[in-house]
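Novice: Curious how this folds, go ahead:
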Amino acid sequence: MKMLRIPLLLVGLLLCSQGFAATAQQSKMSTCNADAKAQNLAGDARKSFMSNCLKAAPAAATPAAATPAAPATKPATAAVPAKVLTPQQQKMKDCNANKPQGLKGDAYKAYMSNCLKKK
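Specialist: Numbers count the residues shown, from 1 in each chain. Prediction:
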């Protein structure tokens, strides 16, 4: 029984140490937070900066700290390729783009149902 205590204690310590290690997302969050604080950003500007900083690749997060938020964030979002839509999503997008103005509630549901059935 005493022989079993030491290995269990070691396994417990190893598991606990993994719980305290910072994940990549946590370290990225702290880096972005420090960058936002250094630039004295607040409100919507801070939200926008944090969102773009957290979406950026880990290698791209460090150069963003050296440049102002506006130039660094706009090219990064423009360079992201458009999401490929499934056929159903494309149908919904087309139907929604061509809908008559002022449709709400049941009338909108009926229009979308008929439009999606036609295609």
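Novice: Put the alpha carbons of the helix or strand harbouring residue 47 into CSV.
Specialist: For residue 47, the element it lies in under DSSP states H and E is helix 43-55. Extracted in CSV, the C-alpha atoms of helix 43-55 (Å, rounded to 0.1, in the frame of the first residue of the first chain):
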residue,chain,number,x,y,z
GLY,A,43,-14.5,50.9,-26.0
ASP,A,44,-15.3,49.8,-29.5
ALA,A,45,-11.7,50.4,-30.7
ARG,A,46,-10.4,48.0,-28.1
LYS,A,47,-13.1,45.4,-28.9
SER,A,48,-12.2,45.6,-32.6
PHE,A,49,-8.5,45.4,-31.9
MET,A,50,-8.8,42.5,-29.6
SER,A,51,-11.1,40.6,-32.0
ASN,A,52,-8.6,41.1,-34.9
CYS,A,53,-5.6,40.3,-32.7
LEU,A,54,-7.1,37.1,-31.4
LYS,A,55,-8.2,36.0,-34.9
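Novice: Show me which residues of it are buried.
Specialist: Counting neighbours by 16 or more other C-beta atoms under 10 Å, one finds that the buried residues in helix 43-55 are 46, 49-50, 52-53. For every residue, glycine as well, the C-beta is placed using N, CA and C.
Novice: repeat for stretch 25-33
Specialist: Those would be 28, 31-32, for stretch 25-33 by 16+ other C-beta under 10 Å.
Novice: pLDDT averaged over that stretch - what is it?
Specialist: The predicted model gives stretch 25-33 an average pLDDT of 82.
Novice: same deal with stretch 55-65?
Specialist: In this model, stretch 55-65 carries a mean pLDDT of 53.
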